[in-house]
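# Build me a structure from this.
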Amino acid sequence: MSLFHLAFLYLWSRPFATFLNLFVLMLGMATITALLLVGQQVQDRFFKESAGIDLVVGAKGSPLQLVLSTIQHLDIPTGNIDYQQAMKLAGNRQIRSAIPLALGDRYRGWRIVGTNDAYIAHFQAEFAQGNIWKSPMQAVIGADVAAKSGLQIGSALVGDHGLVDSGGAHVHDEHPYRVVGILKPTGRLVDRLVLTSVESIWDVHAEEAAGSNALEITALLIRYKNRAAAFSLPRQINARTSFQAASPAFELARLMDLIGVGKETLYWIGGLLIFVSLCGILIGLLNAIHQRQYDLSLFRVLGARPRKIVSLIMMEGMMMAVPGCLLGMLAGHGLVFIVGQMTRKGLEFGFKAFILVPEIYMIGGAVLILSAVLCLFPAWRAYKTDIRHSLMGASQ
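So this is what the prediction gives:
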């Protein structure tokens with residue numbers, strides 16, 4: 001009988017304790033794995049999508065809400081601003097470029113964004129098929145939208161009014177868009193958007209704006225001409241206009257600080273679960289050695305060398321630690337996959353599982369090394385077992 005088979009039988013002889021230790025370790029590793037996967041993708045998205053945008057100008061309200069709704073497309077806009085006044089602001093000598101955004105509708109959960117070709121250039125996106133719109137009510141769709149919706153060049157689509165699930169959103173079926181372009185995959189937010197001209201958004205909502213002569217957009221995405229603009233332009237906009245200016249870098253850094261508090265708590269919970277599991281493995285091995293002193297002594301009498309006894313105890317402990325770590329990592333990836341594919345927010349955010357996050361494997365390796373170190377103590381106890389005392393005690 002091999003040492004592996006023997007260690008397996010010892011674990012099988014106490015199934016409840018074995019399963020409990022394995023499950024708790026798996027739960028701790030799954031928690032940490034999911035947090036690292038989500039945290040890495042949140043941070044990458046926040047700062048990757050805001051790169052090249054120095055300022056967001058929109059309606060007054062929460063600056064964080066303004067940034068999340070216009071750059072990340074994760075929230076509801078604070079309102080609309082006058083288009084003519086926005087374009088006048090865009091001509092400020094401190095502004096290098098200003099990209100208009102008009103929001104308010106979605107197609108099957110993907111947001112419809114009224115903008116111009118500079119927005120596509122901002123993502124460095126290229127066309128897989130077709131080209132950019134030439135007239136109102138033409139649309140360009142991202143790679144994910146095309147893949148999951150089945151839309152092709154020439155296909156028609158209609159938007160739902162609103163950016164949240166309301167259960168009875170008005171469908172603009174009297175204003176269909178025609179797909180004229182499909183973008184190549186970029187791995188960025190634009191893959192999950194439907195893009196069109198600002199004029200198209202105005203046409204769709206013309207009846208709602210009846211009686212008002214003012215054309216409106218949601219926001220301007222601004223890039224400074226020089227660094228000095230960062231000190232003066234936001235203050236001027238907030239003080240002298242009806243608009244609000246929000247810095248994406250500042251607001252997202254503040255958000256990450258807020259998220260970090262809860263994330264650290266969950267890290268501690270995951271770490272505590274791993275610690276409890278490892279303590280359970282250690283205690284279980286010590287109890288097993290105490291209960292099997294006669295067996296271990298008999299092995300020695302039959303010719304088993306001390307190193308084989310040490311190997312048996314080490315193998316028994318690692319047969320719980322290794323599967324617990326691996327199953328925990330797999331469960332963490334699986335959880336992120338389910339969230340990313342089966343929840344609306346997960347789809348909006350584009351969470352992906354089974355991506356390389358080195359910290360996950362570093363923590364897994366550290367847990368296995370710590371498990372091996374902890375197993376050394378009961379192995380040493382087994383190595384030091386007094387054969388004669390154990391056999392005589394058993395015979396009595």
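
# Wait, a strand at Asp105?
Yes - assigned with DSSP: H, G, I helix; E, B strand; the rest coil, Asp105 falls within a strand.

# check contacts around it.
If a contact means Cβ atoms under 8 Å, 6 or more residues apart in numbering, then Asp105 has 111-112, 159-163, 172, 201, 204 as its contacts. The way it works is simple: take the backbone N, C-alpha and C, and place the C-beta from them, glycine included.

# Restricted to buried residues, select those in PyMOL.
Of those, the buried ones go into a single PyMOL selection, burial set by 16 or more other Cβ atoms under 10 Å:
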select buried, resi 111+112+159+160+163+172+201+204
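
# Select from the contacts of Asp105 every entry located in strands.
111-112, 160-161 (DSSP state E).

# just curious, which of the residues you listed is nearest to Trp12?
The closest of these to Trp12 turns out to be Arg111 (Cβ to Cβ; 54.0 Å).

# how about the strands in the stretch 1-150 of the chain?
With strands called from DSSP state E, counting those that start in this stretch, the stretch 1-150 of the chain shows them at 55-59, 81-82, 95-107, 110-115, 127-130, 138-141.

# Go through those and name the closest to Leu335.
Closest approach to Leu335 among the strands of the stretch 1-150 of the chain is made by strand 110-115 (23.9 Å; Cβ to Cβ).

# tilt between that closest one and strand 95-107?
Angle of strand 110-115 versus strand 95-107, following axes from the mean of the first three to the mean of the last three Cα atoms, to 10 degrees, is 140 degrees.

# name the helices or strands packed onto strand 110-115?
When contacts are defined as 3 or more Cβ pairs under 8 Å, 6 or more residues apart in numbering; DSSP states H and E, strand 110-115 sits against strand 95-107, helix 143-149, strand 193-197, helix 198-204.

# who's in contact with the shortest one?
Read it as strand 193-197. Under Cβ under 8 Å, 6+ apart, the answer for strand 193-197 is 73, 107, 110-116, 119-120, 133, 135-142, 145, 157, 159, 177.

# So which residues of this structure form helices?
3-12, 15-50, 63-67, 83-90, 117-122, 143-149, 198-204, 229-240, 248-291, 293-301, 306-342, 344-349, 358-383, 387-395 (DSSP state H).

# Low-confidence ranges, the protein, go.
Applying pLDDT under 70 to the chain flags the ranges 1, 162-169, 207-213, 261, 292-304, 306, 383, 385-396.

# So what does Ile153 have for phi and psi?
phi -60, psi 130 (degrees, to the nearest 10).
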